[in-house]
Each structure stands twice: as structure tokens, then as C-alpha cells.
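> structure for this input, please:
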Amino acid sequence: EMLDAVFAFDHFAWQVETGTEINEDSRADGLERILYKCPHCKAEGQTEGMGTKLICHNCGADYELTELGFLKAEKAMFTHVPDWYTWQRECVRKELENGSYLLDTDVDIAIQVDFKAIYMVGEGHLTHNRNGFHLTGCDGKLDYTQPPQASFGLYADYYWYEIGDVIGIGNNEFSYFCFPKSPVSVTKTRLAAEELYKLKK
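Take a look at the predicted model:
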């Protein structure tokens with residue numbers, strides 16, 4: 001708790017406090033990677049950040065990301081990006097508690113075994129549920145499981161090395177970088193891993 005307090009930082013609040021304006025016309029580009037779930041219709045994977053707007057293609061909800069980092073809409077459910085993110089975390093935790101959460105996707109797999117390179121090794125399948133991660137692939141040569149208690153954090157990144165969004169799992173011997181082949185929110189996977197760790201602990 002002490003470390004959380006020291007290292008916590010709200011960039012959007014800092015923007016307001018310092019009056020720092022971001023006036024680029026592309027300031028909302030990619031925002032759907034963080035805000036993947038619409039608070040109006042509850043659809044996932046239907047939001048799109050482009051230009052200065054975040055729009056839900058399922059229900060038409062339309063938000064503007066202002067120059068000071070506020071979310072502005074006619075009937076705004078959230079005006080602060082971190083509040084929207086926290087709401088998504090709460091939704092994921094409910095899915096974990098009622099047993100409905102599931103990540104189930106085909107992936108391209110890269111492996112790191114040393115500090116020289118990342119090796120693309122083939123295709124596979126990744127699942128994540130209350131039992132943790134299960135990665136299979138490489139024509140049956142790879143079968144890796146990772147229980148929820150293995151790590152609180154999850155390495156998940158966006159457009160990693162211009163390859164794609166990535167989910168990173170592994171141990172002291174191997175690091176596996178999984179690139180989903182279907183539209184998957186790596187943000188949701190990260191939230192699920194963190195909340196599952198708390199539930200299991």
C-alpha cells in the first residue's frame with residue numbers, strides 16, 4: 001500500500017492541475033486500447049479512438065477527449081479516463097467471481113531465452129480463466145501453464161515493436177510473447193490477471 005501510494009500517478013489529473021493542454025488532432029488515437037468497454041451499452045471491442053473522439057460503434061456513444069484530458073459527451077458516464085478504467089476493472093472482477101471470464105484465442109508466439117533476441121517460433125492457442133494461463137502450440141512441442149498466483153502483474157503492451165498487441169507470460173527460464181490473431185483486449189487480460197491474483201491470494 002505504501003509503494004502504491006508513492007508510485008501512483010494520474011497524468012490526466014496532472015494535466016488539469018498544471019493547465020497542460022494537448023491540442024494535437026490525434027490525441028484520442030488508440031484510446032480504445034485502454035477504454036475497450038462501452039459504459040452505455042456494455043459492448044466490448046466496439047469503441048474506437050480516432051482524432052479527438054472515442055466512439056462506440058455498437059450504440060453510437062460519442063465522447064470527445066478535450067485538450068485538458070477530460071472526456072466530454074452529451075450524456076457522459078465518465079469524464080475522467082482513470083474512472084472509466086477503474087469501472088472496467090470492477091466489471092472484470094465480477095466476471096471472475098461469477099465464472100464468466102474467459103480469454104480464448106489463437107496466437108503467434110515469440111520466445112525469449114536469452115538477452116540476444118526474441119525468436120518467433122510459430123502459432124498456438126492461449127486461454128486465460130480462473131485457473132490461470134494455458135499456452136499450447138508449435139505443433140505440440142509447447143505446453144505451458146501459469147497459475148494465477150505466479151505473478152500479480154502481467155506484461156501487456158500495444159503494437160509491440162510494430163508487430164501487434166501482446167500478452168507476455170513466462171518464468172525464469174522462458175518468456176512467451178503471445179500476439180492474438182483475433183481482436184482481443186490485452187488491457188482486459190491485464191486487469192483480469194491482477195484481479196485474479198487478489199482473489200486467489
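
> OK, contacts around Ala61?
Residues counted as contacts of Ala61 (Cβ atoms under 8 Å, 6 or more residues apart in numbering) are Cys38, Pro39, His40, Cys41, Ile55, Ala73. All C-beta spots, glycine's among them, are computed from the backbone N, C-alpha and C.

> distance of the fourth one from Asn58?
From Cys41 over to Asn58 the distance is 5 Å, taken as Cβ to Cβ, to the nearest Å.

> thinking again about what came up before, going through the contacts of Ala61, which ones are buried?
Neighbour-count burial (16 or more other Cβ atoms under 10 Å) is assigned, among the contacts of Ala61, to Cys38, Pro39, Ile55.

> among these, which one lies nearest to His128?
Nearest to His128 among the buried ones among the contacts of Ala61: Cys38, at 22.2 Å, using Cβ to Cβ.

> show me the contacts for the closest one.
Per Cβ under 8 Å, 6+ apart, neighbours of Cys38: Glu44, Gln46, Thr47, Cys56, Asn58, Cys59, Ala61.

> how close does the closest residue to the fourth one other than its chain neighbours sit to Lys141?
With Cβ to Cβ, 6 or more residues apart in numbering as the criterion, Cys56 has its nearest non-adjacent residue at 4.1 Å, and that residue is Cys38. With the distance defined as Cβ to Cβ, Cys38 ends up 40 Å from Lys141.

> buried ones in stretch 88-95?
Gln88, Arg89, Cys91, Val92, Arg93, Glu95.

> find the residue closest to the first one in space, skipping its chain neighbours.
Pointing back at Gln88 there. Excluding its sequence neighbours, the residue lying closest to Gln88 (Cβ to Cβ, 6+ apart) is Lys37, at 5.2 Å.

> phi and psi next, for the one you found.
Dihedral angles of Lys37 (phi, psi; degrees, to the nearest 10) stand at phi -120, psi 130.

> pLDDT at the residue nearest to Cys56, what is it?
Note for Cys38: predicted pLDDT of 98.

> for this protein, which segments count as strands?
47-50, 53-56, 62-65, 71-72, 103-112, 119-129, 132-137, 142-146, 155-160, 164-170, 175-180 (DSSP state E).

> how many residues are close by Pro148?
Applying other Cβ atoms under 10 Å, we find 23 residues neighbouring Pro148.

> I'd say it and His134 touch.
No. At 11.8 Å, Pro148 does not count as touching His134 under the criterion of Cβ atoms under 8 Å.

> contact partners for Met77?
Per Cβ under 8 Å, 6+ apart, neighbours of Met77: Pro39, His40, Trp84.

> okay if I get those as TSV plus distance to Tyr158?
Below are those laid out as TSV (distance: Cβ to Cβ, whole Å):
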residue	distance to Tyr158
Pro39	21
His40	24
Trp84	17
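
> take these and keep only those in helices.
Trp84 (DSSP state H).

> okay if I get the strands of the chain as TSV plus mean pLDDT?
Formatted as TSV, these follow (pLDDT from 0 to 100):
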stretch	mean pLDDT
strand 47-50	98
strand 53-56	98
strand 62-65	98
strand 71-72	96
strand 103-112	97
strand 119-129	97
strand 132-137	98
strand 142-146	97
strand 155-160	95
strand 164-170	96
strand 175-180	97
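
> perfect, I'm done here.
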